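Participant: Sequence first, then the predicted structure:
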Amino acid sequence: MTTPSPMEGQSARASQDLEDTLRVTSDTFLSRVERLQALEERKRELPPAEIEDLAREIQSLTEEILGWAQRQTELAEAAARPDAPDARPIAVIPPRPMARVLEEWRAAERALEAEQPGTAAHESIRADVERLREEYARAYHLHLKVESS
């Protein structure tokens, strides 16, 4: 068995970092888009005189989504550079290590408690909590699958 050279180890770490960032950014973007769709559908059911607050929340969330879209573009540009590490498609990137996800999940839960319910910030953090819960579940099920084989 050969030991990877320091350069190979750095390349593998860079590839894993890129994949993790791509996956988290994509997951976050999708969760925000799903929330936006739910808000817009709710707004469509209300009389126009009652939609002002909801319209502001939709605008705020749309601005946040634009930020995530810009981050995805930056990552795609970085991944397309000739010196970029090889990375798998986002759909096949496995979840991050359970301990890392759990740490972020706990931090998101604490941040959620500090936010005023009903605000755009509260809803964004709530979406993060849900995304992290789902990522932890995927990591846990993968861990069980590996353990049983």
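Facilitator: Thanks, I have the structure now.

Participant: Tell me who's in contact with residue 36.
Facilitator: 58, 61, 62, 65 (CB atoms under 8 Å, 6 or more residues apart in numbering). Where you see a C-beta, it was placed from the backbone N, CA and C, and this is true even at glycine.

Participant: Please report how far it lies from residue 64.
Facilitator: 9 Å (CB to CB, to the nearest Å).

Participant: One more: residue 110?
Facilitator: 20 Å.

Participant: The two: who's more crowded?
Facilitator: Comparing residue 110 with residue 64 by other CB atoms under 10 Å, the one with more neighbours is residue 64, at 20 against 10.

Participant: Tell me which helix or strand comes right after the biggest helix by length in the chain.
Facilitator: In terms of residue count, the longest helix belonging to the chain (DSSP state H) is helix 6-44. Next in sequence after helix 6-44, counting helices and strands by DSSP states H and E, comes helix 52-80.

Participant: The least confident helix or strand in the chain by mean pLDDT: which residues count as buried?
Facilitator: One helix or strand of the chain scores below all others by mean pLDDT, DSSP states H and E: helix 6-44, with a mean of 84. The neighbour-count check on helix 6-44 (16 or more other CB atoms under 10 Å) flags 15, 18-29, 31-32, 35-36, 39, 43 as buried.

Participant: With adjacent residues omitted, what lies nearest to the residue nearest the centre of the chain?
Facilitator: Nearest residue to the geometric centre of the chain (CA atoms, centre = their mean): residue 28, 2.9 Å. Excluding the flanking residues, the one nearest residue 28 by CB to CB, 6 or more residues apart in numbering is residue 68, at 5.8 Å.

Participant: That concludes my questions; thank you for your assistance.
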